[in-house]
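> What follows is a predicted structure for the sequence shown.
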4 protein chains.
Amino acid sequence: MNKTGQPVLGNGWPMFEKTAAPSIVSPYVLAAGSQPLLHYHSSAFIEYFADTVKKYQQIMKTKNDVVIVQGDALLALEAAAYGLIAPGDKCLNVVSGYYGKGYEGWINTYGGKTIEIAVEYNQAVPVEAVEKALNENPDIKVLSIVQSETPSGTINPAKEICQLAYQRGVITIVDSASGVASTDVNIDEWKADVVVAASEKCIGAPPGLSMVAVSDRAWDKMKKKNPPRWSEMCLLDWKEMWIDADRATFPCTPSVSLVYAISVAADEILAEGIDNVVARHAQCAKAFRAGLRAMGLETWAATEDIAANSCTTFKCPAGVDTDEFCHYVNEKYGLFMITGIGEHAKIIIGFEHMGNAANPIMVPTYLAMIGKAFAHFGIKLDIAVGEAAVLRLI
Amino acid sequence: MNKTGQPVLGNGWPMFEKTAAPSIVSPYVLAAGSQPLLHYHSSAFIEYFADTVKKYQQIMKTKNDVVIVQGDALLALEAAAYGLIAPGDKCLNVVSGYYGKGYEGWINTYGGKTIEIAVEYNQAVPVEAVEKALNENPDIKVLSIVQSETPSGTINPAKEICQLAYQRGVITIVDSASGVASTDVNIDEWKADVVVAASEKCIGAPPGLSMVAVSDRAWDKMKKKNPPRWSEMCLLDWKEMWIDADRATFPCTPSVSLVYAISVAADEILAEGIDNVVARHAQCAKAFRAGLRAMGLETWAATEDIAANSCTTFKCPAGVDTDEFCHYVNEKYGLFMITGIGEHAKIIIGFEHMGNAANPIMVPTYLAMIGKAFAHFGIKLDIAVGEAAVLRLI
Amino acid sequence: MNKTGQPVLGNGWPMFEKTAAPSIVSPYVLAAGSQPLLHYHSSAFIEYFADTVKKYQQIMKTKNDVVIVQGDALLALEAAAYGLIAPGDKCLNVVSGYYGKGYEGWINTYGGKTIEIAVEYNQAVPVEAVEKALNENPDIKVLSIVQSETPSGTINPAKEICQLAYQRGVITIVDSASGVASTDVNIDEWKADVVVAASEKCIGAPPGLSMVAVSDRAWDKMKKKNPPRWSEMCLLDWKEMWIDADRATFPCTPSVSLVYAISVAADEILAEGIDNVVARHAQCAKAFRAGLRAMGLETWAATEDIAANSCTTFKCPAGVDTDEFCHYVNEKYGLFMITGIGEHAKIIIGFEHMGNAANPIMVPTYLAMIGKAFAHFGIKLDIAVGEAAVLRLI
Amino acid sequence: MNKTGQPVLGNGWPMFEKTAAPSIVSPYVLAAGSQPLLHYHSSAFIEYFADTVKKYQQIMKTKNDVVIVQGDALLALEAAAYGLIAPGDKCLNVVSGYYGKGYEGWINTYGGKTIEIAVEYNQAVPVEAVEKALNENPDIKVLSIVQSETPSGTINPAKEICQLAYQRGVITIVDSASGVASTDVNIDEWKADVVVAASEKCIGAPPGLSMVAVSDRAWDKMKKKNPPRWSEMCLLDWKEMWIDADRATFPCTPSVSLVYAISVAADEILAEGIDNVVARHAQCAKAFRAGLRAMGLETWAATEDIAANSCTTFKCPAGVDTDEFCHYVNEKYGLFMITGIGEHAKIIIGFEHMGNAANPIMVPTYLAMIGKAFAHFGIKLDIAVGEAAVLRLI
């Protein structure tokens, strides 16, 4: 902290300095969060909020209702279980990473019975495996899947899986926290029921809100379950008090300043074009992976086509501690990298190129940072060769 | 909205223009919310967060753990029930207003059995009535109470009630959303178990976070209940992953920008002195009530000693529609007033003098706004007489 | 300063806390000043600047060129002399206050010969006196006048005087630093040649820029004088490099962030309507003066019709030191008041109700602040009677 | 402009988007400029300003008075002439670029007689040539020199030249607008009399203010000349009203918000350490030049030791229009590059790596941007070879 109570910008490059969780947030989005606050009961704010919802329907390509849950993706994902999983419901949990595995907890909380399809955490779940499981268990009620597994840096074929489920009347809950804006998330084409995006990932806003698209089928199932109202967990509160009400009111106190931020983030995405934003993430990720490999690192995703656009993971060379590496690269260059989770904590390292950080022309610098940092730990990588590979792709 | 996408400041006084929910937020607090975001996994942010917690221990006068719940008071209050109310637990719910009554819903959700003590919504619950109920029901496990009922503009004797409960081993859950910083909340003296404050009330920050003080007794009861972890509802996640962990980590994604805001709000409160902040709210409220009555309105709280420092309510004169009045005063002067809730919606009107709005020297203008607005609706009040009464108290 | 390096907000009311110089600046205008900076050579900024100029042509009601001088009114006013006053030019200097008197210095610097018409500093200069002087001195080349004398709290009949001068081919230089946006400044109707407005007065932006409207007659006289170019003093630089150039470039480095601020300030003025803004200043000033007098103070302007809308001055009651009073009212309430200048320093006190501070509904609080502060110094004023007078006018 | 009235961030990397003039400004510095404004007459602001001055004395390594001129470097540099050059004074003007040549205009304005030493604009002026001129003209009163010629991307040996002048009683005026914070400017060691730094260059703040260090010898000469007071041009106003006054007052209206910005910019510089800031600029410039040359471009400065740390210039390859190139690189990548001025407009291109833009680890990306942009114009550069050269130096 410097004299002004703010973090010291040690190396003259504030955007890299231990930057946001995890995307780089545009200064206009940040500034939006400090506008004077409209009262959340004012008609001006109610209009503003409704307008913001519409922007996210565009971004998520859906005519379904979108609820802006006043909490992070954890709250939104559990809220889906709260509303959709009734005691005894058989739930197919598709697992290819940490967050996929985690969903089982909520299935248990609400009395569901979990059937799991799991693969190694550098793999994607094959569509065929899901189809087989669905066919073998025609009484499955709910399917939960993580589309973009951030800690693994991989994606699952959510579109095909959701369509399979849809045909069978199975309700899908899709964690697309880091998928929206980095991959083509087309909810109406997917026929997905509940899709959750996180404000702080590829949308490029501060953390704290989740955008949740909910299909009519999902609302129907929730109404049937009829869970307690007046709860942050209860999406039906939004349906009844906000979406379907004659006079829209908030079922809770909305985080006004964060709503401003995501609204301006949406403006920026729509001004650039959602498909352009996705393409930018894709190009950045592809060039980055090519550079890493060319300079001698091994990327983690089993195949190129399941590597995520939002986060790239690679194996940490032997002899380097992942935590120490991440700490060093952050202190030295301001780049925030993450280690794997759990059993992968000492094995893989990831970099989240999300939001404004997903800029292809920045990859030469990202690569230099990482290469130089490994040199510091005694690992010689051929950074120049890496740069040459990058330059062909940006 | 003007060309800059911001609300038009029609009458030249932006602070009043449909202002924040519901306090006036200091420009420094607002600005804090737009600082570049530290990654929530960075040690710098972890330190910042821990430092912020300490400030709220000071403000809430407690050595108990304080959890900064990443959601509004609704989430925090239900989280208390999630952790503390086990199926079959007998719960004494103390009701003197809308939010008090509402707690029953959560008691039900988690399988508790409600015993209610209720009074009219312009009254406070007598200590004696609570004592009697506790004595008659020695198997009561949990007592829930709203200390400061914002929509009623009244307070309850939380201190005495918490002490009674403490002596009997009853766990107390105190909604002090608008009580902290407007009344003397001394948790350690009260022996209260769970106390919830809201960022957007008298603390004077944007909405979105709740400060929850938790006693060791409460942690023990939660551990005994052992509710599911990895949930925004689960305060134990914070205990285990943040407070007691060797290496503190967040159990969810913290709203970094809101944490900045409440931290600077705490700085301002501590710089002024928490007792001075309380005294300022008290003086403002007292002068405002005196002015209202002197100009001919009837304040709602049954007696002066149970009138809240955070919000003043009064009866709407016959012939004026509460909604129309609030709309007019907001459009004309930018002052945000609220109607009562439910059966009081057409009977009472309130003004929340919270945070920076709680300024005694502003009362002459508040009174002029209200008096002029009633004149617009054909109600003649003697504003000058009201001002004279105010001037004696500021 | 608090821990965040910002001024401590002692009394919970930041807008009053030793507030801006001298108007209260809208939070949107303040925020505009912290937007990321466009390069001043970029076409985006050049367009933005040109657009901003157009807004000020609307506000100042003129088709004349408007130059946004990159400095305060002092620079702009001297720049007028630099361009327009040639050695030997006879200049009529119209003096009714401190700034009027001061213009003589610049007449001298550039070799002009001053003829002065002066009145007491609580008076306005009569049109007839100017007419007489012009008639008696047909060789007068330039007439300089302060339209709104802030330290005196008075205005001069600039319209009539400019029209007289125009008919005689005399170039007029009008200091309307605090006149624009608080009085009806209609340059095209006035036939004024150079009119200077200040960003920080009734326009309600931060200090640092001046808007200077220049007539074709004035440009012609400047070209004839042909002063050195490449100078901040040289308005012709703007004419030649910016206004008339095939490819507009800045003759100096523009203060990009302040340009953002005045542009948003202009948006707010135009959204409200310039005539409404003027009316708001007028009503505020009128009510304030009535209140001061009703509670027992003596306003300074000789007659009501020459009292300024931007600043109200009154005589300090015997026994109170003006400096001590201003210091007290600022420390206690955050209201920034000013003493007179020079020989009036210990005689008069002023309050600048400019920009967002010019809000009629705020007058009851302004009056209470001043009345209470005098009570602190042992002067008993009947504040309630003052309030009653105010209430009839707001 | 997007819907929020702000420039569209087309390529997801706002810091590069037509960025500031010309440095990248830290978000904390930007934010400082939107803090609520203290009144410039308040003791709080007077203290703040005095404190800011002290920071710049540290940065400029001087015990001399530092005046914060309320305008850009143009104003400050002319102000030096206004105060120091009396009619008939013989002035040695040292010219190695556009700004050096330009000083002659001000010498003429104030009646000085210019003796010029000029070199090609890719050269530095040799110390010996200056010594010879001083020896041959013992009646020289003033020497003017640009230490860091931004458009040329070159520096002059200001230290040695100032010391020579000092020994001979010649007053020196040093334009170090882009020198301070990018080169070791040690005024007390140099014995320089007037040194001007610009807020928007390597100090990394928005444009609009200049820091001017003034020696006692310079004050004495000004007092002897005794130019008109009450002028933005008059540094003596600051000496008499601010520095030496019993009660400090501002001779003009200070740009409060810009003062906030430069104060926080100074905090950042001092937190990093002024020598570290200089070293960062030096390393960035060196690596950048090496990369440019390695990929096939010809840098402009005649020798490596006179190349500036603040701005690098290179020859534009034949067949590419400098303006079109700069426009393309700005539109495509957000990087703001400049063409030469005057006869060099179509010959050289420059990039200002100032403030936060002066980050060695960013050079790989800068190089990729420039290389890719030339490829767009059909010029094949070996970017990978350039990157390899850069990687050895960062």
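Right, received. Where do you want to start? Numbering: from 1, shown residues only, chains lettered A, B, ... in the order given.
> Find the closest residue to chain C in the stretch 151-300 of chain A.
A:Y260 (11.5 Å; Cβ to the nearest Cβ). All C-beta atoms are positioned from the backbone trio N, CA, C, and that covers glycine.
> Under a three-state scheme, what state does that residue occupy?
Assigned with DSSP: H, G, I helix; E, B strand; the rest coil, A:Y260 falls in the helix class.
> Over to A:T312?
With three-state DSSP as the basis, A:T312 sits in strand.
> so what's it up against?
Each residue near A:T312 by Cβ atoms under 8 Å, 6 or more residues apart in numbering or on different chains is listed here: A:G153, A:A285, A:F288, A:R289, A:L292, A:T299, A:G350, A:F351, A:H353.
> Who are the contact partners of the last one?
The neighbours of A:H353, taking Cβ under 8 Å, 6+ apart as the test, are A:H281, A:C284, A:A285, A:F288, A:S310, A:C311, A:T312, A:N359, A:Y366.
> which among those residues end up buried?
Buried by 16 or more other Cβ atoms under 10 Å in any protein chain shown: A:H281, A:C284, A:A285, A:F288, A:S310, A:C311, A:T312, A:N359, A:Y366, out of the contacts of A:H353.
> so which of those residues comes closest to chain D?
Nearest to chain D among the buried ones among the contacts of A:H353 is A:N359, at 4.4 Å by Cβ to the nearest Cβ.
> Tell me if I'm right that the closest one and A:R280 touch.
Yes - between A:N359 and A:R280 there is a contact under Cβ atoms under 8 Å: 7.0 Å.
> and the stretch 201-350 of chain A, which residues reach chain B?
Within the stretch 201-350 of chain A, the positions adjacent to chain B are A:206-208, A:228-233, A:252-258, A:261, A:264, A:330, A:336, A:338 by Cβ under 8 Å from any Cβ of the partner chain.
> Looking at those residues, which are in helices?
A:V256, A:S257, A:L258, A:A261, A:V264, A:N330 (DSSP state H).
> Please, which helix or strand holds A:K346?
Assigned by DSSP states H and E, A:K346 belongs to no helix or strand.
> so what's whichever residue of the stretch 51-200 of chain A sits closest to chain D closest to, chain neighbours aside?
Per Cβ to the nearest Cβ, A:K55 is where the stretch 51-200 of chain A lies closest to chain D, at 9.7 Å. Leaving aside its chain neighbours, A:K55 sits nearest to A:A266 (3.7 Å; criterion: Cβ to Cβ, 6 or more residues apart in numbering or on different chains).
> State the distance from that neighbour to A:I24.
Look at A:A266 and A:I24: by Cβ to Cβ, to the nearest Å, they are 17 Å apart.
> what do you get for A:Q163?
34 Å.
> Have a look at those two and say which one is more surrounded.
A direct count of neighbours by other Cβ atoms under 10 Å in any protein chain shown for A:Q163 and A:I24 places A:I24 higher, at 27 against 17.
> re the thing from before, for chain D, tell me which of the residues of the stretch 201-350 of chain A next to chain B show up nearby.
Contacts with chain D are made by A:V264 out of these, judged by Cβ under 8 Å from any Cβ.
> Next, give phi and psi for A:G169.
Backbone torsions of A:G169, given as degrees, to the nearest 10, read phi 70, psi 20.
> Nearest to chain B: which residue in the stretch 101-250 of chain A?
Closest point on the stretch 101-250 of chain A to chain B, by Cβ to the nearest Cβ, is A:G208, at 3.4 Å.
> Ok, the stretch 251-394 of chain A next?
Per Cβ to the nearest Cβ, A:S255 is where the stretch 251-394 of chain A lies closest to chain B, at 3.4 Å.
> Of the contacts of A:T312, which pair is most distant in space?
A:T299 and A:H353 (13.3 Å; Cβ to Cβ).
> picking up where we left off before, just the buried members of the residues of the stretch 201-350 of chain A next to chain B?
For those, a burial check counting by 16+ other Cβ under 10 Å picks out A:206-208, A:228, A:230-233, A:252-258, A:261, A:264, A:330, A:336, A:338.
> returning to that earlier point: where does confidence bottom out across the contacts of A:H353?
Minimum pLDDT for these is recorded at A:N359 (89).
> Okay, buried residues for stretch A:86-100 please.
Buried residues in stretch A:86-100, defined by neighbour count with 16+ other Cβ under 10 Å: A:86, A:89-100.
> Go through those and flag which are in helices.
A:Y98, A:Y99, A:G100.
> Can you confirm whether the lowest-mean-pLDDT helix or strand in chain A lies near chain B?
Lowest on mean pLDDT, DSSP states H and E among the helices and strands of chain A sits helix A:27-32, with a mean of 87. Yes - using Cβ under 8 Å from any Cβ, helix A:27-32 comes into contact with chain B via A:L30, A:A31, A:A32.
> Of those, which is the most crowded?
Most surrounded of the residues of helix A:27-32 next to chain B: other Cβ under 10 Å gives A:A32, at 29 neighbours.
> contacting residues around the closest residue to A:G105 other than its chain neighbours?
Nearest residue to A:G105, sequence neighbours excluded (Cβ to Cβ, 6+ apart): B:W230, at 5.2 Å. Going by Cβ under 8 Å, 6+ apart, B:W230 touches A:L74, A:G102, A:G105, A:W106, B:D237, B:P251.
> If we use 10 Å, what do you get?
A:L74, A:E78, A:G102, A:Y103, A:G105, A:W106, A:T109, B:D237, B:M241, B:P251, B:C252 (Cβ atoms under 10 Å, 6 or more residues apart in numbering or on different chains).
> So which of the residues you listed belong to helices?
Going by DSSP H, the helices hold A:L74, A:E78, A:G102, A:Y103, A:G105, A:W106, A:T109, B:D237 from the contacts of B:W230.
> In terms of helix, strand or coil, where does the nearest residue to the fourth one once chain neighbours are set aside fall?
Read it as A:Y103. Nearest non-adjacent residue to A:Y103, counting by Cβ to Cβ, 6+ apart: A:S144, 4.6 Å away. Under three-state DSSP, the three-state class of A:S144 is strand.
> sorry, back to before: what residues are shared contacts of A:T299 and A:H353?
Common neighbours of A:T299 and A:H353 (criterion: Cβ under 10 Å, 6+ apart): A:F288, A:T312.
> Wait, A:A197 touches A:Y56, no?
Yes - under the criterion of Cβ atoms under 10 Å, A:A197 makes contact with A:Y56 at 7.6 Å.
> and for these two, which residues touch both?
Common neighbours of A:A197 and A:Y56 (criterion: Cβ under 10 Å, 6+ apart): A:V66, A:V180, A:I203, A:M211, A:V212, A:A213, A:I262.
> so who does the closest residue to A:K113 other than its chain neighbours touch?
Distance criterion Cβ to Cβ, 6+ apart; nearest residue to A:K113, sequence neighbours excluded, is A:K90 at 5.1 Å. Taking Cβ under 10 Å, 6+ apart, we find A:K90 in contact with A:I107, A:G112, A:K113, A:T114, A:I115, A:N137, A:P138, A:D139, A:I140, A:K141, A:V142, A:V170.
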